[in-house]
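Chemist: need coordinates for the following:
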Amino acid sequence: MPNRSLTGKAVVIGGGAKNLGGLISRELAAGGAGAIAVHYNSDATRAAAEDTVAAVRAAGAYAFAHQGDLTRPSEVAALFDAAKTRFGKLDIAINTTGMVIKKPLIEVTEDEYDRMFAVNSKAAFFFIQEAGKQLADDGNICTIVSSLLAAYTPLYAVYPGSKAPIEHFTRAASKEFGERGISVNAVGPGPMDTPFFYPAESKESAAYHATAAALSSRTKSGLTEIADIAPLIKFLVSDGWWITGQTIFANGGYTTR
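Modeler: Coordinates of the predicted model:
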């Protein structure tokens with residue numbers, strides 16, 4: 001039987017330096033992963049990536065940091081090539097990268113539209129594609145989307161709109177890669193208590209989001225905590241391998257469908 005545990009697995013994590021990606025890097029290392037490639041986008045994130053690599057190594061896994069712009073397919077391929085060269089094989093690919101804007105639909109510029117779809121949709125497509133090319137059989141792929149895919153709300157036309165295609169990429173990839181035992185899923189957290197969330201929100205809208213989930217009263221912030229998402233990702237890329245082709249909302253009842 002294939003090894004469905006994390007033990008000895010080689011992992012690529014897009015956006016693995018900080019916030020949710022950083023925690024996933026640490027959690028997988030603590031869970032027995034053997035090697036982790038920690039991707040980061042810009043020089044501003046380099047220090048966080050180096051800190052995460054140090055934490056992963058302290059947990060007993062081999063790790064390295066790799067900078068790249070994942071909106072460029074050639075740089076997605078370079079990330080996977082670098083990891084495979086160092087690790088010898090690849091088993092798990094997780095993409096946490098994303099970008100958000102919140103504004104009226106009629107105010108969104110062409111440049112904003114193009115950038116959002118490049119970061120949120122194009123990068124995700126080519127990450128999944130490259131994972132399909134380079135992962136070993138019985139591997140796992142997971143992409144972070146957004147619970148706003150199930151929301152009926154103004155001012156968020158382009159952010160969830162640019163995440164929505166990933167649901168279709170996920171279903172198609174799960175069918176195409178299934179013969180090789182590779183599971184492919186997407187996870188949609190609710191608004192997360194990270195620096196990624198607050199810049200787009202006013203004080204009033206942040207307060208609303210902090211009370212909107214059915215389980216809001218049971219968290220410190222009222223928002224989705226990254227500590228509640230990382231274990232789900234860990235499960236999906238190990239014992240939860242039988243789950244595939246799904247978009248799973250993990251949001252304390254913020255949205256549902």
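
Chemist: spatially central residue for this structure, please.
Modeler: T96 (2.2 Å; CA atoms, centre = their mean).

Chemist: over to that residue: give its phi and psi.
Modeler: phi -110, psi 0 (degrees, to the nearest 10).

Chemist: list the contacts for it?
Modeler: Neighbour list for T96: 13-16, 19-21, 24, 144 [criterion: CB atoms under 8 Å, 6 or more residues apart in numbering]. C-beta: built from backbone N, CA, C; applies to glycine.

Chemist: likewise A65?
Modeler: By CB under 8 Å, 6+ apart, the neighbours of A65 are 17, 38-40, 46, 49-50, 52-53.

Chemist: and it, what element?
Modeler: strand 62-67 (DSSP states H and E).

Chemist: before we move on, what about S25?
Modeler: With DSSP H and E as the criterion, the answer for S25 is helix 19-30.

Chemist: between strand 62-67 and that helix, find me the angle.
Modeler: On the basis of axes from the mean of the first three to the mean of the last three CA atoms, to 10 degrees, helix 19-30 is oriented at 160 degrees to strand 62-67.

Chemist: so which bits of helix 19-30 are buried?
Modeler: 19-30 (16 or more other CB atoms under 10 Å).

Chemist: I'd like to know which elements it is packed against.
Modeler: strand 10-14, strand 35-40, helix 46-58, strand 92-95, helix 226-236 (3 or more CB pairs under 8 Å, 6 or more residues apart in numbering; DSSP states H and E).

Chemist: most widely separated two among the buried residues of helix 19-30?
Modeler: Greatest spatial distance among these (CB to CB): N19 and A30, at 17.3 Å.

Chemist: okay, and the helix or strand of the chain with the least pLDDT?
Modeler: helix 203-212 (a mean of 89; mean pLDDT, DSSP states H and E).

Chemist: for that helix, which outside residues touch it?
Modeler: Taking CB under 8 Å, 6+ apart as the rule, helix 203-212 contacts 190-191, 197-198, 201, 216, 221-223, 254.

Chemist: what remains of those if I keep only buried residues?
Modeler: Buried among the contacts of helix 203-212 by 16+ other CB under 10 Å: 190-191, 197, 201, 216, 222-223, 254.

Chemist: where is pLDDT lowest across these?
Modeler: Scanning the buried ones among the contacts of helix 203-212 for pLDDT, the low point is F197. It has 82.

Chemist: pull the contacting residues for it.
Modeler: With CB under 8 Å, 6+ apart, F197 has these contacts: 100, 191, 206, 209, 223.

Chemist: and what of K163?
Modeler: By CB under 8 Å, 6+ apart, the residues touching K163 are 98, 120-121, 145-146, 148-149, 188.
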